[in-house]
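1. what's the 3D shape of this:
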Amino acid sequence: METKINNNYDNLFEAINIYYKQGGRMMFWTCLNGCHDFVDWEHIDKINIATCRKCGASNQTVVILFRNSWNPNGELETSEEFEICQKYLPTFEFRSQLPENALVVGRHSVLPFFEELERELALKNSRLVNSHSQHKYIADITNYWEDLKEFTPKTYTQWGNLGEGQYIVKGKTNSKKFRWDTHMYVPSRDRLVQVISNLFIDQTIADQGIVVRDYIPLRRLGEGINGLPISAEWRCFCYKDKILATGFYWSNFEELSPGNLPQEGINFLKKITAIVSKKANFYVVDIAEKESGGFMVVELNCGMMSGLSCVDPNEMYGNLAKALAQQESK
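-> Below is the predicted model of the structure:
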């Protein structure tokens, strides 16, 4: 490929991009930040990423794409979480506001058109913190169960031959836990088909597909509506193998909180992050204390779509910003 550069950086960038589109690979250039050290180039999901070997400067800016919610009057409400995340990272509400060359952390903003957003960002040489394939891994229990089967209840996609016992029925991603005694908990085998039938009425769950899981009693702290057990459960936000922040899962029952995740739970969580970090970047692990002792994984969720529960947003966004800065500087 022959391209006239004439010491013009814009021309050089254009030449590099053309080179990549033609299937080429570029291994160095001078630092974007002016220190003139070598820069390594990566081509990830059709995005060109440059990182200086010396000072860590990158051509990617980390930003948040945040979707606020609408109130019953049809008015857009600005949440406290939105106000807080702006303290730590540039935060935008609309795709059109996003800069070029950005690493985008979606918050409540990537569904239902994840793939469309991913393609749109690629036009700006930008990408989401989780790719669509990474999102699917952590959003579908049938994708991650095999990796975590030592640490989470056994999960079935076929249930015709299940024996007598207690079970949980849920969608591959979501559940109807607030209808616990009719749409989630199966006290005996003869109730299984009825609970599955109840759950299939919910179109969102039916579209996901339904799974059956062994029921493992958790350390109970109280009881919610329809017999829902309020358990010792924590929501844990993670970036790769780093634990960003943890908090009591049941935000509607904060008065029952058992306190911070104990050290035994943190040690357990580190085993999980060592596994999941190989498959996804930004994710949530919900873990709970079993009635018989020890901990288990309740489920995984995408960090871009999960609510905070009782997690401190300052701790989560502050540590996320640090983790991303360290990652981008490598």
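2. list the contacts for residue 222?
-> Applying C-beta atoms under 8 Å, 6 or more residues apart in numbering to residue 222 gives the contacts 229, 230, 253, 256. All C-beta spots, glycine's among them, are computed from the backbone N, C-alpha and C.
3. And residue 238, by the same measure?
-> Applying C-beta under 8 Å, 6+ apart, the residues contacting residue 238 are 244, 269, 273, 276, 277, 282, 283, 284, 285, 303.
4. Can you tell me which of these are classed as buried?
-> 244, 269, 273, 276, 282, 283, 284, 285, 303 (16 or more other C-beta atoms under 10 Å).
5. Select from those residues every entry located in helices.
-> Within the buried ones among the contacts of residue 238, residues falling in helices by DSSP state H are 269, 273, 276.
6. doesn't residue 285 make contact with the second one?
-> What that stands for is residue 273. Yes - at 7.3 Å, residue 273 counts as touching residue 285 under the criterion of C-beta atoms under 8 Å.
7. hang on, the earlier thing: could I get the ones in helices among the buried ones among the contacts of residue 238 as TSV with pLDDT and distance to residue 140?
-> As requested, these are exported to TSV (pLDDT from 0 to 100; distance: C-beta to C-beta, whole Å):
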residue	pLDDT	distance to residue 140
269	98	21
273	97	19
276	97	13
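8. Which of these sits closest to residue 93?
-> Distance to residue 93 across those (C-beta to C-beta) is lowest for residue 276, with 29.3 Å.
9. pLDDT-wise, which helix or strand of this protein ranks last?
-> Lowest on mean pLDDT, DSSP states H and E among the helices and strands of the chain sits strand 76-77, with a mean of 52.
10. Listing partners with orientation, what would you give for the host helix or strand of residue 104?
-> Secondary structure assignment for residue 104, by DSSP states H and E: strand 102-107. Next to strand 102-107 in the sheet, as set by DSSP bridges, lie strand 61-66 (parallel), strand 127-128 (parallel).
11. what's the most buried one of the ones you listed?
-> strand 127-128 (a mean of 22; mean count of other C-beta atoms under 10 Å).
12. for the record, mean pLDDT for it?
-> Mean per-residue pLDDT for strand 127-128: 92.
13. Point out the other helices and strands that the helix or strand that that strand is followed by packs with.
-> Per DSSP H and E, strand 127-128 leads on to helix 132-139 as the next helix or strand towards the C-terminus. Here helix 132-139 touches helix 114-122, helix 141-148, strand 295-302, going by 3 or more C-beta pairs under 8 Å, 6 or more residues apart in numbering; DSSP states H and E.
14. The nearest residue to residue 90 once chain neighbours are set aside: what's it in contact with?
-> In this structure, residue 90 finds its nearest non-sequential neighbour in residue 63, 4.6 Å apart by C-beta to C-beta, 6 or more residues apart in numbering. Contact analysis of residue 63 by C-beta under 8 Å, 6+ apart lists 89, 90, 91, 92, 98, 99, 102, 103, 104, 105.
15. how near is residue 63 to residue 242?
-> The gap separating residue 63 from residue 242 is 19 Å, by C-beta to C-beta, to the nearest Å.
16. try residue 252
-> Separation of residue 252 from residue 242 (C-beta to C-beta): 28 Å.
17. Between these two, tell me which one has more neighbours.
-> The neighbour comparison of residue 252 against residue 242 (other C-beta atoms under 10 Å) goes to residue 242, with 15 against 12.
18. Can you list phi and psi of the residue nearest to the more buried one when sequence neighbours are not counted for me?
-> Distances taken as C-beta to C-beta, 6+ apart place residue 323 nearest to residue 242, at 5.0 Å, with adjacent residues excluded. Note on residue 323: its backbone torsions stand at phi -60, psi -40 [degrees, to the nearest 10].
19. correct me, but residue 323 touches residue 244?
-> Yes - counting by C-beta under 8 Å, residue 323 does reach residue 244; the two are 6.6 Å apart.
20. So which residues make contact with stretch 80-92?
-> Taking C-beta under 8 Å, 6+ apart as the rule, stretch 80-92 contacts 61-66, 68, 98, 105, 107, 308, 313-314, 317-318, 320-321, 324.
21. that older thread, run through the bridge partners of the residue nearest to residue 90.
-> Applying DSSP bridges to residue 63 gives these bridge partners: residue 104.
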